[in-house]
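Peer 1: here is my input, please return the structure:
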Amino acid sequence: MGNGEKMIGNNESEIPISENEATKTELTQIGNVNESPIKIAIDGDDNQTVDIPEIGEETPKESQIINDNLCFDKGFYGIYCDMCGGTTWIKMVEIPDGPCDKHFDLPDDIGECAHCGDTDLFNEYDDFDFEETKIDPKPEGILSIEINGYHYKQIVDILNVLTEEVKLNISPKTINAKIVDPSHVAMINLEIDRNAFLSFMANDFTLGIDCTKLKELARGIKKDTIISLDLGGRGNDKLIYKIGINSGEIGTVDITGMSDTKVPNVNLPTDFQIPIKEFYEILKRAEDLTDHVEIIIDNESLIIQAMGETDIAKAKFDKNNGLSIWGFGGNDSKYRSLFSLSYLMDIVKALKGIKELKYIRMRMGTDYPLMIYSEDILNGYGKIEYLVAPRIEND
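Peer 2: The predicted model follows:
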């Protein structure tokens, strides 16, 4: 008999300004949002005022960026720093009497790099005038985040379960990753809300990263350690990190050959949960016997078992030892499927490191994928869904 896997914020204030030749108003420096205060450089009439937006409130969008670093609609200019590789977005205000409809200028005193504080490069950008042109927009991502060590470890452990390189879909509100392993046996669908981070600034773009490199950064960090990650470098090809006194950069991954993963819509008849600690223990015992486990559920109990050539490992769950059944539908009185042990072990190991996660929730049917999911990671600001294809027995 053969077998194989089935494929499957806004505070406003006013300041007086004065008028000389042309009115130059507000300058907002955007980098690490917690370290970059609003900076003002102005000349003009003492009776005029200008509203100061909260930092990070206005950022360039992909459709508004041209010439690699110039954004006309919002009046931003991105300055690349040779010292640290970061890009600082300078917000400019339109000059009313400029020679064209869209005419911007940078203030005389730009200030420091928002990432490392260097001033040498910035002093070169004095008295620049930028006029509107018809150059096609060039997409450019903006990402600047801070996160504590405990949540950082959760994310990288989840991402490292199936593959090394992943594509992240980033928006101003979320980060999403849909990952399929090379054998198409398992997939991950991870969604992280911006509130899981200590600070978060991003626009809509797609980023390729090497998860193993992110995991290397997690070694030795404590749960309250602050990790800063900023997209930078020429062409935004570097992820610049800062962890305490340590800093560096990680190259991003070319996403040209990465296809978009679609999450299959599977209707699974059962929905249940068991203690994650006990689930891990039966999987560990099964490792000594075989490379797969069988999961059997009816409306009162759940059995997880592994059979070797001469030995058997089994665990039975019911309402007295942690089994909760949230739904049991379909026409069958019992459902059973075989699953690859190595995939289940990797998934449960990643979730077991989340201290708040005492139970593991699953859905399944006969010869259907097993879904392992939770909406309780990252203090409720993260959702994770794993799908593992069943191993089909053939006579």
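Peer 1: what about the strands in the stretch 101-250 of the chain?
Peer 2: 103-105, 129-131, 143-148, 165-170, 174-180, 186-193, 199-202, 205-210, 226-232, 238-243, 246-251 (DSSP state E, counting those that start in this stretch).
Peer 1: again with the stretch 251-395 of the chain
Peer 2: Remark: strands assigned in the stretch 251-395 of the chain by DSSP E, counting those that start in this stretch are 270-275, 292-298, 302-307, 312-317, 324-328, 334-340, 359-364, 370-377, 382-388, 391-394.
Peer 1: buried deepest among those strands, which one?
Peer 2: Of the strands of the stretch 251-395 of the chain, the one with the most neighbours on average (mean count of other CB atoms under 10 Å) is strand 382-388, at a mean of 22. Placement of C-beta: from N, CA and C, glycine included.
Peer 1: that one pairs with which strands, and in what direction?
Peer 2: If you go by DSSP bridges, strand 382-388 pairs up with strand 186-193 (antiparallel), strand 370-377 (antiparallel).
Peer 1: what does that strand contact?
Peer 2: Applying CB atoms under 8 Å, 6 or more residues apart in numbering, the set of residues contacting strand 382-388 from outside is 8, 154-155, 158, 161, 185-193, 196, 263-264, 266, 339-340, 343-344, 347, 351, 369-375, 377.
Peer 1: tabulate the CA atom coordinates of it in PDB.
Peer 2: Taking Å, rounded to 0.1, in the frame of the first residue of the first chain, the C-alpha atoms of strand 382-388 are listed here in PDB:
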ATOM      1  CA  GLY A 382      -2.400  39.100  14.800                       C
ATOM      2  CA  LYS A 383      -4.200  36.300  13.000                       C
ATOM      3  CA  ILE A 384      -2.500  33.100  11.800                       C
ATOM      4  CA  GLU A 385      -3.900  30.200   9.700                       C
ATOM      5  CA  TYR A 386      -2.000  27.100   8.800                       C
ATOM      6  CA  LEU A 387      -3.300  24.500   6.300                       C
ATOM      7  CA  VAL A 388      -1.700  21.100   6.100                       C
END
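Peer 1: need the per-residue pLDDT for N267.
Peer 2: Predicted confidence (pLDDT) for N267: 88.
Peer 1: from K358, how far off is it?
Peer 2: 28 Å (CB to CB, to the nearest Å).
Peer 1: comparing the two, which residue is more hemmed in?
Peer 2: Set side by side, N267 and K358 show more neighbours around K358, with 12 against 9, by other CB atoms under 10 Å.
Peer 1: okay, and for the stretch 101-250 of the chain, where does confidence drop off?
Peer 2: 101-140, 233-235 (pLDDT under 70).
Peer 1: now do the contacts for the residue lying closest to K213 once chain neighbours are set aside.
Peer 2: Among residues not flanking K213 along the chain, I250 sits closest, at 5.0 Å (CB to CB, 6 or more residues apart in numbering). Contacts for I250 (CB under 8 Å, 6+ apart) come out as I209, D210, K213, L214, L217, K238, L239, Y241.
Peer 1: could the strands of the stretch 251-395 of the chain go into CSV alongside distance to Y150 and mean pLDDT?
Peer 2: Shown next, in CSV, are these (distance: least, CB to CB, whole Å; pLDDT from 0 to 100):
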stretch, distance to Y150, mean pLDDT
strand 270-275, 22, 96
strand 292-298, 30, 96
strand 302-307, 29, 96
strand 312-317, 29, 95
strand 324-328, 27, 90
strand 334-340, 30, 95
strand 359-364, 19, 96
strand 370-377, 11, 94
strand 382-388, 12, 95
strand 391-394, 35, 74
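Peer 1: which of these sits closest to I255?
Peer 2: Nearest to I255 among those is strand 382-388; the distance by CB to CB comes to 21.8 Å.
Peer 1: now the residue nearest to E375 when sequence neighbours are not counted: how far from E191?
Peer 2: Nearest non-adjacent residue to E375, counting by CB to CB, 6+ apart: K383, 5.0 Å away. Note on K383: its distance to E191, by CB to CB, is 5 Å.
Peer 1: just L159 next, same as before
Peer 2: From L159 over to E191 (counting by CB to CB), the distance is 12 Å.
Peer 1: these two - which one has more neighbours?
Peer 2: Of the pair L159 and E191, L159 is the one with more neighbours under other CB under 10 Å, namely 22 against 18.
Peer 1: for the more buried one, what are its contacts?
Peer 2: Going by CB under 8 Å, 6+ apart, the list of residues near L159 reads V166, A177, I179, I188, L190, C211, L214.
Peer 1: show me the two of those residues that sit farthest apart.
Peer 2: Spanning the widest gap among the contacts of L159 are I188 and L214, at 14.7 Å by CB to CB.
Peer 1: so which of those two has more stuff around it?
Peer 2: Higher neighbour count among I188 and L214: I188, with 24 against 20, using other CB under 10 Å.
Peer 1: got TSV for the contacts of I250, with distance to G322 too?
Peer 2: Formatted as TSV, those follow (distance: CB to CB, whole Å):
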residue	distance to G322
I209	37
D210	38
K213	37
L214	33
L217	35
K238	46
L239	41
Y241	40
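Peer 1: and which of these is nearest N299?
Peer 2: After measuring the contacts of I250 against N299 - CB to CB - the closest member comes out as L214, at 42.3 Å.
Peer 1: wait, that closest one sits on V156?
Peer 2: Yes. Using CB atoms under 8 Å, L214 makes contact with V156 at a distance of 4.7 Å.
Peer 1: can you tell me which residues contact G149?
Peer 2: With CB under 8 Å, 6+ apart, G149 has these contacts: A218, I221, K222, K223, D224, T225, I226, I227.
Peer 1: for D230, see how far away the closest residue to the second one other than its chain neighbours is.
Peer 2: Spatially, and ignoring its direct neighbours in sequence, I221 is nearest to G149 (4.1 Å; CB to CB, 6+ apart). Here the distance between G149 and D230 works out to 17 Å (CB to CB).
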